[in-house]
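Undergrad: any chance you can model this:
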Amino acid sequence: MGKNGFGLLEIVIAVSIISGTIFSLSYVFIISHRLEAISSDKVRANFLAEEGLEAMRFLRDKSWNTNLSGLSVDTTYYLSFATTTSTWSVVTNGPALIDGLYMRTINVAAVERDASDDIVSSGGTVDPDSKKISVTMAWSGRGATSTVTISTYLSDIFDN
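TA: Modelled structure (predicted):
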């Protein structure tokens, strides 16, 4: 009689261990899938932000005076791409979401330089031929809003 009960106890313990292992593995799979999706969204946002900086460099190269010199500080701008003419432009009205998820904004800051012509955060003279361009990507997903911001300095290197 005692041997039959012992076999049943072994089966219950084995089933518990196997069930716990399967549950743990499925939970790890669910968490890794969520992290992969979040990581994928962030990588796409970084690529789109870099595209924004490249578009601003293109506009600088095309004509600083026409495209960038008139941009105001503390104004939110957006990039618009005309598919018919294959040209970028900076606009103040927000375009549709990129891929139905991402909103790209462009912010411009004045650049100050000291007597040695080095960029300083304050106390220098404003350089009219340089601007700090910041591209911010914002998106909502999985119950939270995320942002990525990258910045660079652009100058009128071609005097155009």
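
Undergrad: show me where the chain has its helices.
TA: For the chain, the helices defined by DSSP state H occupy 2-62, 64-67.

Undergrad: quickly compare the ones you listed and say which is most buried.
TA: helix 64-67 (a mean of 14; mean count of other C-beta atoms under 10 Å). Quick note: C-beta positions are derived from backbone N, CA and C, even for glycine.

Undergrad: then that one to CSV, C-alphas only?
TA: The C-alpha coordinates for helix 64-67 follow below in CSV (Å, rounded to 0.1, in the frame of the first residue of the first chain):
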residue,chain,number,x,y,z
TRP,A,64,21.1,78.5,-46.2
ASN,A,65,19.5,81.9,-46.8
THR,A,66,16.3,80.4,-48.3
ASN,A,67,15.8,77.4,-46.0
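
Undergrad: which residues are contacting it?
TA: 59-60, 89-90, 129, 156, 158-160 (C-beta atoms under 8 Å, 6 or more residues apart in numbering).

Undergrad: next, format those residues as JSON lines and append pLDDT and distance to Ala49.
TA: JSON lines is the format used below for those (pLDDT from 0 to 100; distance: C-beta to C-beta, whole Å):
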{"residue": "Leu59", "pLDDT": "97", "distance to Ala49": "16"}
{"residue": "Arg60", "pLDDT": "97", "distance to Ala49": "17"}
{"residue": "Ser89", "pLDDT": "95", "distance to Ala49": "18"}
{"residue": "Val90", "pLDDT": "96", "distance to Ala49": "15"}
{"residue": "Asp129", "pLDDT": "96", "distance to Ala49": "24"}
{"residue": "Asp156", "pLDDT": "96", "distance to Ala49": "23"}
{"residue": "Phe158", "pLDDT": "93", "distance to Ala49": "24"}
{"residue": "Asp159", "pLDDT": "92", "distance to Ala49": "28"}
{"residue": "Asn160", "pLDDT": "89", "distance to Ala49": "26"}
